[in-house]
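Q: quick one: sequence plus predicted model below, questions after.
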Amino acid sequence: MKNGFFAMVSRMKYINRWALMRNEHSENLMEHSFEVSAIAHALAVIGNKRFGKNLDCARAALLGLYHDTPETLTGDMPTPVKYYSDEVRRAYMTVENEACRNLLTMLPDDFRDEYEPFFVRKESDEELWKYVKAADKISALIKCTQEKKAGNTDFDSAAESTAAAIERLGLPEADVFVKEFLPAYELTLDRLKDD
C-alpha cells in the first residue's frame, strides 16, 4: 500500500529478537534499532573526536535506525540459521533485497529518493555502514551482558563469540566504545548515577 511505510516501520515493535534463546528480558526490533542508531552515532563521534575523521554522525545514526527495517517483512532470522551456509545466506539476501524494494514502494514517489539509501546501499555510505555493523554487534554484546547480569548463562557463549566478532572488525572506534562505555552496562541504576 502506498503511504503504508511508517505503519510498517511501527510494526518493528512486534518482532522479537533472540528467538532461539531463553531471554530474561525480551528485546524487540524497534528497541534494537534505536540502540544501534545511538551507538552508530557514538562510533562516528569517536571517529571524529579521537581519530581525526570527518564522519557524518547524523547519517550514521539514520543508517542504524533503518538497518533492520526489512525484517518487518522477513522476520528476524536467527544468526545460526542466517549464516548456516553460503547458499542459505545468499537466499536470505535475495529475500531481504526484495523486502527493501517492497518497503520503498510503500512511500510516496517524491519521498523515495530520501529513503532509498537506507535500503539500497550507496557507495558513498560504505564507510558509515562499517560503523552500523559495529554498532549492531555492540548492541548484541550489550544484550548478552545484560542477560548474563540477570543470571542467564544461555548468553555466555554468545557473549564470547560476539566480543570476538567485534575485535575482528578492526574498528578502533568500536574498541574505544567497548573499553570505555560497555562496563557501565553492568552497573545498577544507583551505581550508574553515582559513578
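A: Okay, I see it.

Q: quick check: phi and psi on residue 28?
A: Dihedral angles of residue 28 (phi, psi; degrees, to the nearest 10) stand at phi -100, psi 170.

Q: nearest residue to it in space, ignoring adjacent ones along the chain?
A: Distances taken as CB to CB, 6 or more residues apart in numbering put residue 13 closest to residue 28, at 5.1 Å, once the chain neighbours are dropped. C-betas here are computed from N, CA, C, even on glycine.

Q: ok, now which ones touch the one you found?
A: If a contact means CB atoms under 8 Å, 6 or more residues apart in numbering, then residue 13 has 28, 29, 30, 31 as its contacts.

Q: now, among these, which is nearest to residue 127?
A: residue 29 (25.0 Å; CB to CB).

Q: which residue, other than its chain neighbours, is closest to the residue nearest in space to the middle of the chain?
A: Among the residues of the chain, the one closest to the centroid is residue 136, at 3.3 Å (CA atoms, centre = their mean). The shortest distance from residue 136 to any non-neighbouring residue, by CB to CB, 6+ apart, is to residue 36 (5.3 Å).

Q: over to the one you found. Which of the three states is it?
A: helix (DSSP: H, G, I helix; E, B strand; the rest coil).

Q: isn't it up against residue 132?
A: Yes: with contact defined as CB atoms under 8 Å, residue 36 and residue 132 form a contacting pair (6.7 Å).

Q: who has more neighbours out of these two?
A: residue 36 (27 against 24; other CB atoms under 10 Å).

Q: by mean pLDDT, point me to the weakest helix or strand of the chain.
A: Of all helical and strand segments in the chain, the minimum by mean pLDDT, DSSP states H and E falls on helix 79-82, at a mean of 68.

Q: give me the nearest residue to residue 45, chain neighbours excluded.
A: In this structure, residue 45 finds its nearest non-sequential neighbour in residue 57, 5.4 Å apart by CB to CB, 6+ apart.

Q: nice, that's everything, thank you.
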